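J.: Using only what follows, build the 3D model:
(one chain, ligands or ions: 1)
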Amino acid sequence: MAAFKSRLGIQAVLTALFALLLLAIPVILPGIPSPPLYVSLAGFAMAGILVASHNLSAYLKIFVSVYGIGYLVLAGAKMLAAMGALPATVAALLPPDFAATGSVVFGGIVLAISHWKPIRDITLIADPYFASHDAPSREIGMFRRFGRTEGQIGRNLVALSIFVNFADVALTLRFNFFYRDMYNALQEFDAAAFWYQLGYIFVPLAILNVVIGMFDIYVDSGLQLRWRTWLTHNLYERWLGQGTHYRIPFVDEHADNPDQRIQSDVNNFIAQTTTLSTRLLSQAAQLVSFIVILWTLSRDFVLPFTDTVIPGFLVWLVIAYAVVGTWLTHLIGKPLIGLDYRQEQVEADFRFALARNRIYSEQIALLRGERAESSRLATLFHAIVDNYVGIIFRRIKLIAFTFSYRQASTIFPLVIAAPSFFAKKITLGALQQTSNAFSNVQNSLNFFINSYTILAAYKANTIRLGSFKRAMTKAEALAGAGYGLANGNDTAGAVTARDLTLALPDGREIVQAGAFELPKSGATLVTGPSGSGKSTLFRAIAGIWPFGKGRVDVPAGQSALVLPQRPYLPLGTLRGAVAYPHTVDHFSDEAIREALRAARLPQLADQLDMVDTWDRRLSGGEQQRLAIARAILAKPDWLFLDESTAALDEETEAEIYRMLRETLPGTTIVSIGHRSTLNKHHDRRVEMKPTGEGRFEPRMSAMPAPAE
Ligand SMILES: Nc1ncnc2c1ncn2[C@@H]1O[C@H](COP(=O)(O)OP(=O)(O)OP(=O)(O)O)[C@@H](O)[C@H]1O
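T.: Numbering: from 1, shown residues only. Prediction:
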């Protein structure tokens, strides 16, 4: 970051020196024509803009820096051409003097809009990538050596993309002058000039146009792919980190369907940011350039059928046209922002409901729940249709306006300029140039107007990603001190709780423990009424429950594994399901087979490579035994079994407990269970005792005598 900042500083000094040089040309190089004063003044302004951009967002800095370089290149090339240092064909292709000044104006515009809230929302999401110091991503070959860090590659690619877009604008400008010269040659029956224009001007320009078009798509796609890869990794790592995904529903920031935000919103945001930022600016540059041409063409414009001269009439006309057009478009298109946001949400809700049907298909089939499901799907889909109808009618209104606007634009320049042509005040070339300049202005305006729908979706996207990031920040804060609940690991052997109160998200307290201890070694059974907070106590010990106050301390440097009643089985091979939460290659095949046999699942021992939806194929009891196999592999110091054998028959449950205590003699077992047959497998018992007002307290109590 510091290097980037100082680079802007160096660029500012160089730009100021260059502007000084331009001023001094009449003195040091008296023979050559000096550039207009405004070009050197623009150089000083650019230096000022570069200095003022020190604290700008990393993303916007790239734009300011590129405009600074654009100024140097354009003004420098003009100076070299004036000195005769460039070949005539190259000099003829250069854009007019004002192009360099235009570059400065755009630098100023970027600086000015940087404080505007919608732009800040965008840069908050964009900046982390462009400021990143991560090593270049190895996943993508494109532009891998284009910088030392991923952030630098991103910055270089944005800069390159802006240059390419501006090269395209310069080309369009040059085409405009080509049209003037070619039509003048036609009007004067000058065949030599005509063929010269076609062969030496048009052909190189056309070839450049094709090459630039190809390069443009290569650079843009490379940037989008690299940025998406980085941002997607970054978001899902953060989402999965520190149990953030578990706590997000507890925070007050709205972040529905995180899957959609990570998969589709990121993709759309990046595609729209790169397209809009570079194209919007190049279109703006095109607009300004052609407005300047129109000014030159209509400097002494005589109002048709009168003698009144209005300097720059076509420019005033086109500006009024643009202002009214944009304002009306804004009025008509504004509701699209809310509609687009809602559309994303209802689509995601529908997709999620379908995915849930797939996951729970067996339960739905057994319960004959298809009708209930289809009526739920119908309601969700109705929301999609309902909202989309709103979008359609809004788009129709917008199109009614934009199409009328476009039609009116085509004949406008001819109506205005034709009287001057018939009065022989302007040449055919000038008429053609006026019409071309006007249509280019229209194209740029159309871009702004047509991009209104894109902008609306873009804003909805930015809001969704912004709120997702805020929700993650809040969920991460919950993981820390939470509501006063602290997790530490400063005890020697036991799990201890001091002045512990566990609450529900709405603040209602459910568990209270002044001083509570789970001793190391042996096995402890936790019992108590349903809903008394036994699982919540486990969650607090595991450090994922954010609501409550007091302390829970677990022994330092010891591993723990919590097995819930319904184990989670990831997609993929059986090997991966057993090794979970370790990676698939963490254990040898023999160790996995051995664990499956010990967990009374010998029939699965030779199916390690089989890919299946294991959570649907295996019975509830088999799934629980598979989770037990995980415990055998992981050999944790603490094993928390939250009704993890409840689906087994009593005999198998007894075998499993005996096996666990034999195979894992160093592991402390803590079980939650309701069955009295569990008593004989445990050494001590903790009972959740009601203390009034819906609260329960865990208390060590005597193990009941075995039934006769
Ligand atoms: N995410 C949550 N949001 C709101 N309430 C919750 C949440 N998780 C648990 N609860 C509530 O906390 C209370 C305790 O739940 P917990 O699962 O700890 O009970 P339990 O003693 O393990 O019950 P059981 O023996 O039935 O499994 C219940 O009333 C439950 O509804």
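J.: next SSE after the lowest-mean-pLDDT helix or strand in the chain?
T.: Ranked by mean pLDDT, DSSP states H and E, the weakest helix or strand in the chain is strand 485-491, scoring a mean of 62. For strand 485-491, the following helix or strand on the C-terminal side (DSSP states H and E) is strand 495-503.
J.: Does at least one residue of that following strand sit close to the ligand?
T.: No: Strand 495-503 does not reach the ligand (CB under 6 Å from any ligand atom); its nearest approach is 8.4 Å. In this view, the C-beta of every residue, glycine as well, is placed from N, C-alpha and C.
J.: Name the residue closest to the centre of this structure, please.
T.: The chain has Val266 as the residue nearest its centroid, 3.3 Å off, counting by CA atoms, centre = their mean.
J.: and that one, what element?
T.: Here Val266 is assigned to helix 266-297, by DSSP H and E.
J.: what does Val554 give?
T.: Taking DSSP H and E as the definition, Val554 sits inside strand 548-555.
J.: quick one: average confidence on that strand?
T.: Mean pLDDT, computed over strand 548-555, is 85.
J.: May I see the buried residues of that strand?
T.: Buried residues in strand 548-555, counted by 16 or more other CB atoms under 10 Å: 548-550, 552-555.
J.: Identify, from these, the entry nearest to Arg508.
T.: Nearest to Arg508 among those: Gly548, at 11.0 Å, using CB to CB.
J.: And that closest one, how close does it get to Gly241?
T.: To Gly241, Gly548 is 22 Å away according to CB to CB, to the nearest Å.
J.: Do me a favour and get the end-to-end distance for stretch 298-313?
T.: 6 Å (CA to CA, to the nearest Å).
J.: What lies in contact with that stretch?
T.: Stretch 298-313 has contacts (CB atoms under 8 Å, 6 or more residues apart in numbering) with 294-295, 314-316, 416, 419-420, 425, 434.
J.: let's see it at 10 Å
T.: 291-292, 294-297, 314-319, 415-420, 422-423, 425-426, 434, 437 (CB atoms under 10 Å, 6 or more residues apart in numbering).
J.: follow-up on the earlier one: for the buried residues of strand 548-555, which one is nearest Arg174?
T.: Gly548 (70.2 Å).
J.: isn't that closest one right up against Val511?
T.: Yes: Gly548 lies in contact with Val511 (CB atoms under 10 Å); the separation is 7.7 Å.
J.: Spit out the residues that contact these two alike.
T.: 500-503, 536, 540.
J.: re earlier: report the buried members of the contacts of stretch 298-313.
T.: Among the contacts of stretch 298-313, the ones that count as buried (16+ other CB under 10 Å) are 291-292, 294-295, 297, 314-315, 317-318, 416-418, 420, 426, 434, 437.
J.: Need the max-distance pair from these.
T.: Val292 and Ala418 (22.5 Å).
J.: Paired strands for the next helix or strand after the helix holding Val266, with orientation please.
T.: As assigned by DSSP H and E, the chain's next helix or strand after helix 266-297 is strand 301-302. Here strand 301-302 has these sheet partners by DSSP bridges: strand 309-310 (antiparallel).
J.: do you know how far the closest residue in space to Phe447 that isn't next to it in sequence is from Ile319?
T.: Distances taken as CB to CB, 6 or more residues apart in numbering put Gln283 closest to Phe447, at 4.5 Å, once the chain neighbours are dropped. According to CB to CB, Gln283 stands 16 Å off from Ile319.
J.: ditto for Trp239
T.: 47 Å.
J.: What is the burial count for the residue nearest to Phe447?
T.: Gln283 has 21 neighbours, counted by other CB atoms under 10 Å.
J.: Relative to Thr462, how far out is it?
T.: 20 Å.
J.: what stretches of the chain score poorly on pLDDT?
T.: Residues of the chain that meet the criterion pLDDT under 70 lie in 1-6, 93, 304, 446, 448-450, 452-453, 480-492, 705-708.
J.: ok, back up a step: what's the closest of the buried ones among the contacts of stretch 298-313 to Ile49?
T.: Nearest to Ile49 among the buried ones among the contacts of stretch 298-313, with distances taken as CB to CB, is Val292, at 20.1 Å.
J.: what's near enough to touch the closest residue to the closest one other than its chain neighbours?
T.: What sits nearest to Val292 in space, not counting adjacent residues and going by CB to CB, 6+ apart, is Phe98, at 5.1 Å. For Phe98, the contacting residues are 36, 38-39, 42, 74, 105, 288-289, 292-293, 295-296, by CB under 10 Å, 6+ apart.
J.: Which among the residues you listed count as buried?
T.: Buried residues within those, counting neighbours by 16+ other CB under 10 Å: 39, 42, 74, 105, 288-289, 292-293, 295.
J.: Going by distance to Val389, which of those wins?
T.: Looking across the buried ones among the contacts of Phe98 and measuring by CB to CB, the closest to Val389 is Val288, at 39.6 Å.
J.: Surely the closest one is in contact with Val105?
T.: Yes: between Val288 and Val105 a contact is recorded at 6.9 Å, counting by CB under 10 Å.
J.: Please, where are all the helices along the stretch 1-150 of the chain?
T.: 2-28, 37-52, 58-82, 88-93, 98-113, 117-130, 150-187 (DSSP state H, counting those that start in this stretch).
J.: Let's have those in TSV, adding distance to Gly666.
T.: Listed next are these as TSV, based on distance: least, CB to CB, whole Å:
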stretch	distance to Gly666
helix 2-28	51
helix 37-52	65
helix 58-82	51
helix 88-93	80
helix 98-113	63
helix 117-130	44
helix 150-187	44
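J.: nearest to Gly576, of those?
T.: Gly576 lies closest to helix 150-187 among those, at 29.5 Å (CB to CB).
J.: Could you identify the helix or strand that succeeds that closest one?
T.: That would be, after helix 150-187 and using DSSP H and E, helix 191-196.
J.: roughly how far is that next one from the heart of the chain?
T.: With CA atoms, centre = their mean, to the nearest Å as the basis, helix 191-196 stands 53 Å off its chain's centre.
J.: Which neighbouring elements make contact with that helix?
T.: If contacts are counted by 3 or more CB pairs under 10 Å, 6 or more residues apart in numbering; DSSP states H and E, helix 191-196 sits against helix 150-187.
J.: If you count neighbours, what's buried in the helix it packs on?
T.: Applying 16+ other CB under 10 Å to helix 150-187 flags 150-186 as buried.
J.: Check stretch 265-273 too.
T.: Buried residues in stretch 265-273, counted by 16+ other CB under 10 Å: 265-266, 268-273.
J.: Reformat these as a markdown table; add distance to the ligand.
T.: A markdown table is the format used below for the buried residues of stretch 265-273 (distance: CB to the nearest ligand atom, whole Å):
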| residue | distance to the ligand |
| --- | --- |
| Asp265 | 26 |
| Val266 | 28 |
| Asn268 | 31 |
| Phe269 | 30 |
| Ile270 | 34 |
| Ala271 | 36 |
| Gln272 | 36 |
| Thr273 | 36 |
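J.: The strand holding Val554 pairs with which strands?
T.: Assessed with DSSP bridges, strand 548-555 is paired to strand 485-491 (parallel), strand 495-503 (antiparallel).
J.: Let me know the next secondary structure element after that strand.
T.: Scanning forward in sequence from strand 548-555 by DSSP H and E, the next helix or strand is strand 560-563.
J.: can you dump the C-alpha coordinates of that next one into CSV?
T.: The C-alpha trace of strand 560-563 is given here as CSV (Å, rounded to 0.1, in the frame of the first residue of the first chain):
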residue,chain,number,x,y,z
ALA,A,560,-12.5,-32.7,21.6
LEU,A,561,-15.1,-34.3,19.3
VAL,A,562,-18.9,-33.7,19.6
LEU,A,563,-21.2,-36.2,18.0
